[in-house]
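Asks: quick check, what structure comes out for this input:
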Amino acid sequence: MLASLGPKQGKTSAVAGGTYYAGEVQALTKEITDLKLSVDLLEKERDFYFGKLRDIEGIDSLDITPTSSPTPGAAQ
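Replies: Modelled structure (predicted):
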């Protein structure tokens, strides 16, 4: 009688475990997809701000000398 209970319990456990793992796999797959989307968005944002930084560095490297003196009384 004990011998017949062992395989039955194992089979039932495997089915229940398979259902549990299928749900867990689906949840983790969704989380991976969400994280990949977040990474893509963050990379685009990083590239945008990096481009802005490069623009500022380019402007900063320009040799701009004023051609006229500031007007007296102008706010500095």
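Asks: which strand or helix spans residue 65?
Replies: Assignment of secondary structure by DSSP states H and E places residue 65 within no helix or strand.
Asks: how close does it sit to residue 57?
Replies: According to CB to CB, to the nearest Å, residue 65 and residue 57 sit 19 Å apart. In this view, the C-beta of every residue, glycine as well, is placed from N, C-alpha and C.
Asks: the more surrounded of the two?
Replies: Taking other CB atoms under 10 Å, residue 65 and residue 57 do not tie; residue 57 has more neighbours (9 against 4).
Asks: residue 67: what secondary structure?
Replies: Of the three states, residue 67 takes coil under DSSP: H, G, I helix; E, B strand; the rest coil.
Asks: what is the burial count for it?
Replies: Neighbour tally, residue 67, other CB under 10 Å: 5.
Asks: can you tell me how far it sits from residue 56?
Replies: Distance from residue 67 to residue 56, by CB to CB: 23 Å.
Asks: which elements pack onto the helix or strand harbouring residue 20?
Replies: Element membership for residue 20 (DSSP H and E) is helix 2-61. Contact partners of helix 2-61 among helices and strands, from 3 or more CB pairs under 8 Å, 6 or more residues apart in numbering; DSSP states H and E: none.
Asks: so what's the residue count around residue 46?
Replies: Residue 46: 10 neighbours (other CB under 10 Å).
Asks: that should have said residue 40, apologies.
Replies: 10.
Asks: ok, now how distant is it from residue 34?
Replies: From residue 40 to residue 34 the distance is 11 Å (CB to CB).
Asks: ok, now residue 56?
Replies: Taking CB to CB, one finds residue 56 at 33 Å from residue 34.
Asks: give the buried residues for stretch 54-69.
Replies: Judged by neighbour count using 16 or more other CB atoms under 10 Å, stretch 54-69 contains no buried positions.
Asks: pLDDT on it, on average?
Replies: Mean pLDDT, computed over stretch 54-69, is 82.
Asks: try stretch 30-49
Replies: On average, stretch 30-49 scores 98.
Asks: using CSV, list the CA coordinates for that stretch.
Replies: Only the C-alpha atoms of stretch 30-49 are listed here, as CSV (Å, rounded to 0.1, in the frame of the first residue of the first chain):
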residue,chain,number,x,y,z
LYS,A,30,7.2,39.7,-18.2
GLU,A,31,9.6,41.2,-15.7
ILE,A,32,12.5,40.6,-18.1
THR,A,33,10.6,42.3,-20.9
ASP,A,34,9.7,45.3,-18.7
LEU,A,35,13.4,45.6,-17.6
LYS,A,36,14.6,45.5,-21.3
LEU,A,37,12.1,48.2,-22.1
SER,A,38,13.4,50.3,-19.2
VAL,A,39,17.0,49.8,-20.3
ASP,A,40,16.1,50.9,-23.9
LEU,A,41,14.4,54.0,-22.5
LEU,A,42,17.3,54.8,-20.2
GLU,A,43,19.8,54.4,-23.0
LYS,A,44,17.9,56.8,-25.2
GLU,A,45,17.8,59.3,-22.3
ARG,A,46,21.5,58.8,-21.7
ASP,A,47,22.3,59.4,-25.4
PHE,A,48,20.1,62.5,-25.4
TYR,A,49,21.9,64.1,-22.4
